[in-house]
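Enquirer: My questions concern the predicted model and sequence given below.
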Amino acid sequence: MTTALTQSLYVVAAVLFIVGLKRMSHPRTALQGNLLGVAGMTLAIVVALFQQDDYWSVAIGLLIGAIVGIGIATRVKLTDMPQMVALFNGFGGAASVLVAAAALLHGKAETVDSRTAIGVAGIIGAITFWGSLVAFGKLQELELFKQPIEFPHKQLANVITAVAMLVLAILLAVLDPFWGWVFVPIVLLASVIGVLIVNPIGEADMPVVIALLNSYSGLAAAATGFVITNHVLVIGGSLVGAAGIILTRLMCKTMNRSLTNVLFGSMDGKEYSTEDGIYDNLQITTAENVALMLEAAQRVVFVPGYGMAVAQAQHAARNLAKLLEAQQITVEYAIHPVAGRMHGHMNVLLAEADVPYDQLIEMDRINPMMDNVDVAIVLGANDVVNPVARTDPHSPIGGMSIIDVDKARIVIVIKRSLSPGFANIPNPLFAEPNTWMLFGDAEQAVLDITTAFSDA
């Protein structure tokens, strides 16, 4: 294959990536965008394959990767999608480190530019890999990752580690290729930084962390593209890096937090207590009473949260919605950008339950209409509907954008208990005069409401 043809096909692959990203910006065209991205990557892989001398080694690698990827993708539950994304981010970082190391071993580090790219790929790739593994462990609720790593002068140690890593990277870039061995301590130090940065971050901030690590994996891939002079890798990595940074910024803006605060702060509130009087006027209801409220409603809005994901209540909610629609009741779903554990988590779950795309209403669009909602059903959401975000700027979620469910005529909160959300603060919404609490598993509670509504 000639160089001109190779570069032309790489440009085609890059165009498919860009168009695919554009199509993925809307739920109706997201599947098409995903397929375009897959087509672009397939084309890039085939072109790269024809550039190799050892076809068998590459073919074996492709086969192993395909088996592992298909196996994971077909078995993972949609509730575990954030963990899978974190894991795939990590694999991307690890691949960048290995490619950079292979370039050193095969004498492709003869210039300052190439050695600089190798150092950058090693640093970002190692941070991404280990940071993503820690994020995966936290999301999977593994005991090993629950407790933060604490030791004296931790911040100072982080700074010294980072400075040592950067000094070694500079030495790798400017000195003779004989100094290639410093790549190993560079990767080790970057690995330590990856663990120490992500380890103290709480689950509430994992959506932002996943988006940031996704950006890192793209930047590592772009650096690797410079190492092996692969244009499509540079373009694809840059697209992923830029998209991840933009998403990270948007999510921080939604949460009213800076990226620095996410990485080095916390969302821990005061110690939770049910004895502070906040829940003195709590109103508890039953599935039968909720069914009666729904019979008199003309507009119902479901507000999904992580509790819905845990209980797998999206199918039950969809079945209840169908019954309501059969009675000419308008049904919509209010989507908060950071509900769940990653951006778009609720969209994915509801799409699995065949909820029509036009019923998924983003927070900015639904909030101005909440005054006209007869019944808002909160399915396992907490912090994203907590009015403290509007009333107390000094709270852990002060200034965070929320879904204004408290403005609905009736609010039904389906929750297992009064335990706080990730921010670890009480939610006064639960004790509002227009709020009724229905305690229990989200799926079972919705099934009970459905039965009562059908029998009414």
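Expert: Great, that's in hand.
Enquirer: CA only for contacts and neighbour counts going forward, please
Expert: Fine.
Enquirer: Show the contacting residues for residue 54.
Expert: Residues counted as contacts of residue 54 (Cα atoms under 8 Å, 6 or more residues apart in numbering): none.
Enquirer: ditto for residue 240
Expert: Contacts of residue 240 (Cα under 8 Å, 6+ apart): 214, 215, 217, 218, 219.
Enquirer: SS state for the last one?
Expert: Following DSSP: H, G, I helix; E, B strand; the rest coil, residue 219 is assigned to helix.
Enquirer: okay but it is in contact with residue 236, surely?
Expert: No. Contact criterion Cα atoms under 8 Å: residue 219 and residue 236 do not qualify, at 9.3 Å.
Enquirer: Of these two, which one has the most company?
Expert: Set residue 219 next to residue 236 and count neighbours by other Cα atoms under 10 Å: residue 219 wins out with 28 against 23.
Enquirer: For residue 231, see how far away that one is.
Expert: 14 Å (Cα to Cα, to the nearest Å).
Enquirer: element containing the closest residue to residue 353 other than its chain neighbours?
Expert: In space, and not counting its chain neighbours, residue 353 is closest to residue 315: 5.1 Å by Cα to Cα, 6 or more residues apart in numbering. Taking DSSP states H and E as the definition, one finds residue 315 inside helix 314-326.
Enquirer: So residue 303 lies in a helix, does it not?
Expert: No. Counting by three-state DSSP, residue 303 falls outside a helix, being strand.
Enquirer: For burial, what's the neighbour tally of it?
Expert: 27.
Enquirer: Same question for residue 338.
Expert: 26.
Enquirer: Also residue 106?
Expert: 8.
Enquirer: backbone phi and psi for it, please?
Expert: phi -100, psi 20 (degrees, to the nearest 10).
Enquirer: quick one: pLDDT of it?
Expert: We have a pLDDT of 82 for residue 106.
Enquirer: Okay, it and residue 99: tell me how far apart.
Expert: From residue 106 to residue 99 the distance is 10 Å (Cα to Cα).
Enquirer: quick one on the thing from earlier: closest one of the contacts of residue 240 to residue 113?
Expert: residue 219 (16.1 Å; Cα to Cα).
Enquirer: Give the closest residue to the closest one in space, chain neighbours not counted.
Expert: Per Cα to Cα, 6+ apart, closest to residue 219 is residue 241, 5.1 Å.
Enquirer: Return the distance of that neighbour relative to residue 188.
Expert: Residue 241 is 23 Å from residue 188, by Cα to Cα.
Enquirer: what's the answer for residue 62, then?
Expert: Applying Cα to Cα to residue 62 and residue 188 gives a distance of 28 Å.
Enquirer: The stretch 151-300 of the chain: strands as residue ranges?
Expert: 299-304 (DSSP state E, counting those that start in this stretch).
Enquirer: ah, wrong one, I meant the stretch 301-450 of the chain
Expert: 330-335, 360-362, 375-379, 410-415, 435-439.
Enquirer: What's the local residue count around residue 346?
Expert: Residue 346: 29 neighbours (other Cα under 10 Å).
Enquirer: do you know how far it is from residue 452?
Expert: 26 Å.
Enquirer: low pLDDT regions in the stretch 151-300 of the chain?
Expert: The stretch 151-300 of the chain contains residues with pLDDT under 70 at 176-179, 203-204, 257, 261-262, 264-276.
Enquirer: just the helices in it please.
Expert: Taking DSSP state H, counting those that start in this stretch, the helices of the stretch 151-300 of the chain run over residues 154-174, 183-198, 206-228, 231-255, 259-264, 287-295.
Enquirer: Could I get these in TSV, plus columns for distance to residue 333?
Expert: TSV is the format used below for those (distance: least, Cα to Cα, whole Å):
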stretch	distance to residue 333
helix 154-174	43
helix 183-198	32
helix 206-228	20
helix 231-255	19
helix 259-264	28
helix 287-295	15
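Enquirer: nearest to residue 141, of the ones you listed?
Expert: Each of those has some distance to residue 141 by Cα to Cα; the shortest is helix 206-228, at 12.3 Å.
Enquirer: Only C-alpha atoms, please: export the closest one in CSV.
Expert: Extracted in CSV, the C-alpha atoms of helix 206-228 (Å, rounded to 0.1, in the frame of the first residue of the first chain):
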residue,chain,number,x,y,z
MET,A,206,-16.8,9.8,39.9
PRO,A,207,-18.7,11.1,36.8
VAL,A,208,-16.2,14.0,36.5
VAL,A,209,-13.2,11.7,37.1
ILE,A,210,-14.3,9.2,34.5
ALA,A,211,-14.7,12.1,31.9
LEU,A,212,-11.3,13.4,32.8
LEU,A,213,-9.6,10.0,32.6
ASN,A,214,-11.3,9.5,29.2
SER,A,215,-9.7,12.8,28.1
TYR,A,216,-6.3,11.5,29.4
SER,A,217,-6.6,8.3,27.5
GLY,A,218,-7.1,10.3,24.3
LEU,A,219,-4.1,12.6,25.0
ALA,A,220,-2.0,9.5,25.7
ALA,A,221,-3.1,8.0,22.4
ALA,A,222,-2.3,11.2,20.5
ALA,A,223,1.2,11.3,22.1
THR,A,224,1.6,7.7,21.0
GLY,A,225,0.6,8.7,17.5
PHE,A,226,3.6,11.1,17.4
VAL,A,227,5.8,8.3,18.7
ILE,A,228,5.0,5.9,15.8
